[in-house]
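Participant: Need coordinates for the below:
(2 chains)
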Amino acid sequence: MNQIVEKVLFSEKVAKFVVEAPRIARSRKPGHFVILRVDEKGERIPLTIAGADPVKGTIVLVVQKMGVSSAKLFELNVGDSILDLVGPLGKATHIHKVGTVLACGGGVGVAPMLPIVEGFKKAGNRVISVLAARNKDLIILEDEIRQWSDEVIIMTDDGSYGTKGVVTVGAEAVIQREKVDECIAIGPAVMMKFTSLLTKKYDIPTQASLNAIMVDGTGMCGACRVSVGGNTYFTCVDGPEFDAHQIDFDELIMRLGGYAAEEKMAWERYQ
Amino acid sequence: MSTNKEYLQNEREKEWRVELRKKIANKERTAKERVRMNEMDPFERIKYQNREVNLGLTAEQAQAEATRCLDCPNPTCMDGCPVSINIPKFVKYIEAGLFLDAAKALKETSALPAVCGRVCPQEKQCESTCFYTQKMKKDPVAIGYLERFAADYERESGFMSVPEVAPSNGIKIAAIGSGPASLSFAGDMIKLGYDVTVFEALHEIGGVLKYGIPEFRLPNKIVDVELNNLRKMGVKFVNNFIVGKTVSFDDLKAEGYEAFFVASGAGLPRFMGIPGENYNGILSSNEYLTRVNLMNAASDEFDTPVIKGKNVAVIGGGNTAMDSVRTAKRLGAERAMIIYRRSRAEMPARVEEVHHAEEEGIEFINLANPIEYFADEKGKVNRMRVQRMGLGEPDASGRRRPIVLEGSDFDIPVDLVIVAVGVSPNPLIPSALSELKVSKWGTIEVGEETMQSSIPQLFAGGDIVRGGATVILAMGDGRRAAANMHEYLQSKHQ
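Facilitator: Residues are numbered from 1 along each chain as shown, chains lettered A, B, ... in the order given. As a prediction, the model looks like this:
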């Protein structure tokens, strides 16, 4: 169960895992996530599904080494198994034909964005993807994104690849150039916040996929609550995608730091 | 197992019961005082998250207590038991010193006797309808303590009996969720010969018995023994599986499942919707208890973190609030407080839990309601504003309605707040079945006696129907659903 059949290192801290999960591979849709636990002592962590092969019965997960749990997962190799894996969870992305879709992905956020880009392209939209990262090494899945995009714009903070600048610079150039009907933003909370502020200025409907802290992932604990349009929602069962213009990103960023002190201590023990 | 009058009468007229009744005069039986539960010292027990407070009865204590039972011709205690345990039978076995037989009698109708003996609110169930309570105005027979004694004795003896199971009828059925309702349902259906699979969303089997109720009230190893018993009877358990998500109901039907029992619980915590409630350090009791009980977050060896507050406020007055506040005390809180908007008399928590909490130094700030939270520059809660309440006329629940005393606000410094003001039904199953009839609160609508939903092959029970109740009521639902699903499937297969 949950055996790793392929591992590809994208960089020192980012890896792609292809994991055996036949039932999830058949039932998942773009936007869905899984909860996994690496071992008996492990934490339950959410990861958005980056792709699936229903015939082979596998799903794709992309992991960035950030804390104890992601590091433990990162260290697994082909042949190892993930102890617990459950899903697909959350609501699927609402994919429809709107015209031109601008997909903005930051860092490992490009991974969950891939099936959404594929979905919008297959639904008959013109898709322009903006991939942004700190440097060239951290740009991932470029070829796969290209396969389902009419145009791909690369942005790096240090200019080591594509154009130098943050994601919003690339996105705004597109918006000023042509009519964009819908925007997707997936990546670090700060990146989604500024993408949302940009598209709000131009009044472009925008969906953001949130990476809240979760425990069970089924609505039971409420750790993942988020304010959207002044109401509290649970990211796991009401999301993970919400109308970006209504999301209280500052609260989201604050809540992501909710266990910072405990996580720092755990990291020190781990090393 | 039948619980009709004739059966009970026949059992009561068995020679050993008749002899036992004659041995001691009723006057002598009723003159005895009710036994007191042996408990761990409060100052000692608050150092451990996983040591049980109640230590159980000794064999002598249990036999003496069982002697108080009059073996009434009309055992009214049974009217108070949602799973219809043959109470006089098991109690009289204890009096006779036949403890393993007592355990067997419990398992005729209950899948979880060691659990029920610990967490059932017996004072509101069987003990409230005991002859002593109703007719003599005396302390009832300690049925709950005796149930626990018999179940514990059997487990520790190493001679666990496995209830008899009918030959397989080959009919596949599924239970969804693995809490008390499902386990009770599975126990009955496996006895009837069905091929029973229990699907659980989490990685652990047991539902609220594992993630919710703390180990100082219900040790996990006790739950595991009862689960193993069900496994031995043939019940299959599948974890990490969400029916309606991992696969659809139609997929399961295609795999041969003919009927479903949905007991997915009340897994959606309620918050109060007051300013500042989303600050860090404010969490639901579900989150707090899940981190500690299911994920072992209090131990450094486990990866899941938990905030160990020094000034902890728990909002609410139910059993979950007591579990949370007593957990906080055990994790090192200097001040562990209950903030409850009514008075002690209206508290829904069991009297025993409130009493234990008081012994452990929990502070009760009753007739008080939070209205706002404040935080430091990082967004971590550091203070709460509370309003004093008075009590008005009784409301629909029969409890006096709390009313705001204007201008009575005061602040309490806090670094951890646990909100235990109730739960709503989990939306996962209802959202996977558009044709399923649900109430405006999101609970699944079922026939009161049949537990059958608007979809004929789908039955439901426990908190997904009740919206937040007790282990024993959920177990009663499981039994009723089993009996009715059995009838439904038998008529289909004729």
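
Participant: Would you mark the buried spots in stretch B:393-411?
Facilitator: Neighbour-count burial for stretch B:393-411 flags B:400, B:401, B:402 (criterion: 16 or more other Cβ atoms under 10 Å in any protein chain shown). Quick note: C-beta positions are derived from backbone N, CA and C, even for glycine.

Participant: who are the neighbours in contact with the second one?
Facilitator: Counting by Cβ atoms under 8 Å, 6 or more residues apart in numbering or on different chains, residue B:401 makes contact with B:391, B:392, B:393, B:394, B:395.

Participant: Just list the residues touching residue 32, thanks.
Facilitator: Picked chain A for this. A:48, A:49, A:87, A:88, A:89, A:90, A:92.

Participant: ah, I was thinking of chain B
Facilitator: In this structure, residue B:32 makes contact with B:64, B:67, B:68, judged by Cβ under 8 Å, 6+ apart.

Participant: Go again with 6 Å.
Facilitator: The contact partners of residue B:32, by Cβ atoms under 6 Å, 6 or more residues apart in numbering or on different chains, come to residue B:68.

Participant: One more: residue A:119?
Facilitator: A:30, A:95 are the contacts of residue A:119 under Cβ under 6 Å, 6+ apart.

Participant: Check the gap between it and chain B for me.
Facilitator: 19 Å (Cβ to the nearest Cβ, to the nearest Å).

Participant: Let me see the backbone angles for that residue.
Facilitator: Per-residue torsions, residue A:119: phi -60, psi -50 (degrees, to the nearest 10).

Participant: what does the model give it for pLDDT?
Facilitator: Listed pLDDT for residue A:119 reads 96.

Participant: Rebuild the contacts of residue B:401 as JSON lines, extending it with distance to chain A.
Facilitator: Output for those, formatted as JSON lines (distance: Cβ to the nearest Cβ, whole Å):
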{"residue": "B:391", "distance to chain A": "30"}
{"residue": "B:392", "distance to chain A": "29"}
{"residue": "B:393", "distance to chain A": "32"}
{"residue": "B:394", "distance to chain A": "31"}
{"residue": "B:395", "distance to chain A": "26"}
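
Participant: Could you tell me which of those are located in helices?
Facilitator: Among those, DSSP state H puts none in helices.

Participant: Mind telling me what element residue A:153 is part of?
Facilitator: Assigning secondary structure by DSSP states H and E places residue A:153 in strand A:151-156.

Participant: Near chain B, which residues of chain A are found?
Facilitator: By the rule Cβ under 6 Å from any Cβ of the partner chain, the part of chain A lying against chain B is A:23, A:37, A:41-43, A:68-69, A:84, A:86, A:88, A:215, A:218-223, A:237, A:251, A:254, A:258-259, A:262.

Participant: 7 Å instead?
Facilitator: Within reach of chain B by Cβ under 7 Å from any Cβ of the partner chain, chain A has these residues: A:23-24, A:27, A:37, A:41-43, A:68-69, A:84-89, A:215-216, A:218-223, A:225, A:227, A:232, A:237, A:251, A:254-255, A:257-259, A:262-263, A:266, A:269.

Participant: hmm, stretch B:196-210 in reach of chain A?
Facilitator: Yes - using Cβ under 7 Å from any Cβ, stretch B:196-210 reaches chain A at B:201, B:202, B:203.

Participant: of those residues, closest to chain A?
Facilitator: Checking the residues of stretch B:196-210 next to chain A against chain A by Cβ to the nearest Cβ gives residue B:203 as the nearest, at 4.2 Å.

Participant: and the closest one, what does it touch?
Facilitator: A:37, A:84, B:239, B:240 (Cβ atoms under 7 Å, 6 or more residues apart in numbering or on different chains).

Participant: same question, residue B:410
Facilitator: residue B:386.

Participant: Show me what it is bridged to.
Facilitator: residue B:386 (DSSP bridges).

Participant: all helices for the stretch 51-200 of chain A, in order.
Facilitator: A:68-74, A:110-122, A:142-147, A:167-177, A:189-201 (DSSP state H, counting those that start in this stretch).

Participant: okay if I get those helices as JSON lines plus distance to residue A:130?
Facilitator: What follows is the helices of the stretch 51-200 of chain A, written out as JSON lines (distance: least, Cβ to Cβ, whole Å):
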{"stretch": "helix A:68-74", "distance to residue A:130": "25"}
{"stretch": "helix A:110-122", "distance to residue A:130": "10"}
{"stretch": "helix A:142-147", "distance to residue A:130": "10"}
{"stretch": "helix A:167-177", "distance to residue A:130": "4"}
{"stretch": "helix A:189-201", "distance to residue A:130": "9"}
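
Participant: and those helices, which is most packed in?
Facilitator: helix A:110-122 (a mean of 24; mean count of other Cβ atoms under 10 Å in any protein chain shown).

Participant: Between strand A:151-156 and that helix, find me the angle.
Facilitator: For helix A:110-122 against strand A:151-156, the angle by axes from the mean of the first three to the mean of the last three Cα atoms, to 10 degrees is 160 degrees.

Participant: Many thanks, I have nothing further to ask.
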